[in-house]
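S.K.: Next one to model:
(4 chains)
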Number of protein chains: 2
Amino acid sequence: MTAAANRIRVALVEDDPPVRAGLRHLIDNSPSCVCVGAFGTGEEALAKIPGLDLDTVLMDIQLPGVSGIECIRRLRKLRPKLAIMMLTVFEDHDRIFQSLAAGASGYLLKQTPPDKLLEAIVELHRGGSPMSMQIARRVVETFQQPASGAEAATGLSPREKEIVAGLARGYLYKEIAAHLGISVETVRTHLHHIYEKLHVRSRTEAVMRVYGRPGAV
Amino acid sequence: MTAAANRIRVALVEDDPPVRAGLRHLIDNSPSCVCVGAFGTGEEALAKIPGLDLDTVLMDIQLPGVSGIECIRRLRKLRPKLAIMMLTVFEDHDRIFQSLAAGASGYLLKQTPPDKLLEAIVELHRGGSPMSMQIARRVVETFQQPASGAEAATGLSPREKEIVAGLARGYLYKEIAAHLGISVETVRTHLHHIYEKLHVRSRTEAVMRVYGRPGAV
DNA sequence: CGCGCAATCCCACAAACGTGCGATCGGCAT
DNA sequence: ATGCCGATCGCACGTTTGTGGGATTGCGCG
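M.R.: Numbering: from 1, shown residues only, chains lettered A, B, ... in the order given. Okay, the predicted model is just below:
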């Protein structure tokens, strides 16, 4: 029995053969990991991974046929406990968010140096969510938007933002009014303006616009 | 002009004097950072930080008086470009997301070893969002919830989830009914059940419960 | 088989909400 | 000073929601 028995069992999904071979070589030559599968398409991965004993998958986004994101979605249904990490050159909002929503637990850019990549695999396996620096910041920023960026982004005045916060808590107009020490009529006027600014026609739409999870629904 | 001129200028907000002194010592003895302020309360930090030339702030959550989270909120108003990192023992959902929503760019647990802490300060200063492994996973999981876990988490039936999705889009009952090919009365009945299950009393509350950004509001 | 439960439909009433107006006041910029 | 804008208050009207009943169908589970 060699040390390989205790290594993290990794599979690759990457369409570029040289890159795939390089990653395989890197992983097999590390003390902590072993590559138990390397696939060039999502279809191939989906067909063969269920038969493998493995812990984590490194996934490219841009694949011929089934995209890496769709591949994650299906892999998660087949093997919910699998830890999947994106490894890609893309860092646009949509692809980051869609990958995470599909079930990726980590997101590394391909510029990541080899030693950091191996570290990330270990961290992923230990229950972490390794992300490249740029990705982590993007993720964190989505939480900050309602607090700091909403004003500039939505054009709401401070008072109007307070009103929307009341809406989000499910307060009635009269409750918002009491909370802010103003009359219900004023609340209604503010709402009138808020709806115009946000181009919505109901409290629910307004709240979603300001506090909704990006991409949800 | 010493090397200190190029170091990252850090301030501390931490109420425990020994811990504060230890951190100060750690930072001052690192080649990359220098501690330019150490405060025991949020009030003190808010009063003195505006007069300091600094890049980043390390913030404890539990402070006497103004909480660390409130302190972040106010600091961000005073100095929007400041990079703030939480340094705390708490890893509960509310405190993590309230901190991020308030404007924290990083979140480390106090168990972080000293060398990792210094690395994190550098990464923060370079535009990253260092998070302890546990924190990163919690953050990533919030994006996964709407895709996979919402059903189990809320106890809503598939049909009921469709209804809530309609609410989140701001649809009127009649629009939801048309969209799903059922009558308005049925929509109302479903809503009745949904409100009971989620313990809410309005569409806005229901939508926030299912689609709201965690910690927002 | 009966029981529970999701899903469907119906009614009536009260409360809350959205819309369109008009109006005053203070601050800030032109 | 003139004018714009945010914040405040008011009213009328129609629409939408929330609440509290009642009722049927079909499906799965013990």
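
S.K.: for DNA strand D, what are the nearby residues on chain A?
M.R.: Within chain A, the positions near DNA strand D by CB under 7 Å from any atom of the strand are A:157-160, A:177, A:180, A:182-183, A:185-186, A:188-190, A:202. Bear in mind the C-beta positions are built from the backbone N, C-alpha and C, glycine included.

S.K.: Now, those residues that are in helices?
M.R.: A:P158, A:R159, A:E160, A:A177, A:L180, A:E185, A:T186, A:R188, A:T189, A:H190 (DSSP state H).

S.K.: Dump those residues into CSV; add pLDDT as well.
M.R.: Below are those laid out as CSV (pLDDT from 0 to 100):
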residue, pLDDT
A:P158, 81
A:R159, 86
A:E160, 87
A:A177, 90
A:L180, 86
A:E185, 90
A:T186, 92
A:R188, 91
A:T189, 90
A:H190, 89
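
S.K.: ChimeraX command for the buried members of those?
M.R.: In ChimeraX, a selection of the buried entries from these looks like this (16 or more other CB atoms under 10 Å in any protein chain shown):
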select /A:160,177,180,190
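
S.K.: Which two among the ones in helices among the residues of chain A next to DNA strand D are spaced furthest apart?
M.R.: A:P158 and A:E185 (19.6 Å; CB to CB).

S.K.: Now for the residue most central in space within chain A: which residues touch it?
M.R.: Central residue of chain A (CA atoms, centre = their mean): A:L100, 2.8 Å from the mean position. Going by CB atoms under 8 Å, 6 or more residues apart in numbering or on different chains, A:L100 touches A:Y107, A:V139, B:V140, B:F143, B:Q144.

S.K.: Kindly recompute the last result at 10 Å.
M.R.: Taking CB atoms under 10 Å, 6 or more residues apart in numbering or on different chains as the criterion, A:L100 is in contact with A:69, A:72, A:86, A:106-107, A:129, A:131, A:135, A:139, A:215, B:139-144, B:147.

S.K.: And A:S105, by the same measure?
M.R.: Residues near A:S105 by CB under 10 Å, 6+ apart: A:56, A:72, A:82-86, A:99, A:124, A:127-131, B:136-137, B:140-141, B:144.

S.K.: All the strands of chain A, in order from the start?
M.R.: A:8-13, A:33-39, A:56-59, A:83-88, A:106-109 (DSSP state E).

S.K.: wait, which of those strands is closest to chain B?
M.R.: strand A:106-109 (7.8 Å; CB to the nearest CB).

S.K.: Convert that closest one to CSV, retaining C-alpha atoms only.
M.R.: Taking Å, rounded to 0.1, in the frame of the first residue of the first chain, the C-alpha atoms of strand A:106-109 are listed here in CSV:
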residue,chain,number,x,y,z
GLY,A,106,-14.2,27.0,-5.5
TYR,A,107,-13.2,29.2,-8.3
LEU,A,108,-9.6,29.7,-9.5
LEU,A,109,-8.2,31.6,-12.4
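
S.K.: Residues contacting that strand, please?
M.R.: By CB under 10 Å, 6+ apart, strand A:106-109 touches A:56, A:58-59, A:61, A:83-91, A:95-96, A:99-100, A:116-117, A:120-121, A:123-124, A:128-136, A:138-139, B:136-137, B:140.

S.K.: Show me which of those residues are buried.
M.R.: Looks like the contacts of strand A:106-109 have A:56, A:58-59, A:61, A:83-88, A:90, A:95-96, A:99-100, A:117, A:120-121, A:123-124, A:128-136, A:138-139, B:136-137, B:140 buried, using 16+ other CB under 10 Å.

S.K.: returning to that earlier point: can you tell me which of the ones in helices among the residues of chain A next to DNA strand D comes closest to B:K48?
M.R.: A:P158 (25.3 Å).

S.K.: Domains in chain A, by residue range?
M.R.: A:3-137, A:155-211 (automatic domain parsing).

S.K.: Quick check: which of those is nearest to B:L78?
M.R.: domain A:155-211 (15.1 Å).

S.K.: what about the closest one and chain B, any contact?
M.R.: Yes: residues of domain A:155-211 contacting chain B under CB under 10 Å from any CB of the partner chain: A:164-172, A:200-211.

S.K.: wait, what's in contact with A:S30?
M.R.: Counted by CB under 10 Å, 6+ apart, A:S30 has contacts A:R7, A:I8, A:V10, A:P114, A:D115, A:L117, A:L118, A:E119, A:I121, A:V122.

S.K.: and which of those residues is nearest B:R20?
M.R.: Among the contacts of A:S30, A:E119 lies closest to B:R20 (CB to CB), at 30.8 Å.

S.K.: How about that closest one, nearest residue that isn't a chain neighbour?
M.R.: Distances taken as CB to CB, 6 or more residues apart in numbering or on different chains place A:P130 nearest to A:E119, at 7.6 Å, with adjacent residues excluded.

S.K.: so how far is DNA strand C from that neighbour?
M.R.: From A:P130 over to DNA strand C the distance is 38 Å, taken as CB to the nearest atom of the strand, to the nearest Å.

S.K.: what's the spacing between that residue and A:A136?
M.R.: Distance check for A:P130 against A:A136: by CB to CB, to the nearest Å, it reads 9 Å.

S.K.: Mutual contacts of the two, please.
M.R.: Common neighbours of A:P130 and A:A136, counting by CB under 10 Å, 6+ apart, are A:Y107, B:A136, B:V140.

S.K.: quick one, helices of chain A?
M.R.: A:17-28, A:42-48, A:68-78, A:93-102, A:114-125, A:133-144, A:150-154, A:158-168, A:173-180, A:184-198, A:203-211.
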